[in-house]
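K.L.:
dropping a prediction and its sequence here:
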Amino acid sequence: MPIIVNLESIMMKSKIPFSVLVEKAGITRSNLSVLKSNKAKLIRFSTLDSICRTLNCQLGDILKYIPDKEEATGGVRNL
């Protein structure tokens with residue numbers, strides 16, 4: 001998947017443990033775990049808002065776009 005969730009590295013930089021982020025951001029442990037493991041298929045804006053507020057960061061700190069190899073070489077990708 002071309003979008004990477006860098007949640008764990010931001011948590012480490014902010015020195016906020018997983019359990020504290022769950023409590024302060026008001027996100028369920030299972031949802032945060034799915035994000036942290038980069039297995040999420042979707043994410044709500046309200047969840048991103050809670051994470052950014054709690055970690056005092058920007059969306060670009062959490063999400064990173066990595067182009068597919070085909071896109072990087074100019075190939076056409078079917079939608």
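P.N.:
That came through fine. The shown structure was predicted, so the numbers you read here are calculated from the model rather than taken from an experiment.
K.L.:
from now on I want contacts and neighbour counts done on CA atoms only, so please keep to that.
P.N.:
Will do.
K.L.:
where are the low-confidence patches of this protein?
P.N.:
Low-confidence segments of the chain (pLDDT under 70): 1, 70-79.
K.L.:
those helices in this structure, which residues are they?
P.N.:
Counting by DSSP state H, one finds helices in the chain at the ranges 7-14, 18-25, 29-36, 45-55, 59-62, 69-72.
K.L.:
need the ones you listed in CSV with mean neighbour count, can you?
P.N.:
Below are the helices of the chain laid out as CSV (neighbours: other CA atoms under 10 Å):
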stretch, mean neighbour count
helix 7-14, 15
helix 18-25, 15
helix 29-36, 16
helix 45-55, 16
helix 59-62, 14
helix 69-72, 10
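K.L.:
and Arg53, how far from Thr47?
P.N.:
Arg53 sits at a distance of 10 Å from Thr47 (criterion: CA to CA, to the nearest Å).
K.L.:
actually Gln58, not the one I wrote
P.N.:
13 Å.
K.L.:
again with Ser9
P.N.:
According to CA to CA, Ser9 stands 18 Å off from Thr47.
K.L.:
cool, and Leu59?
P.N.:
11 Å.
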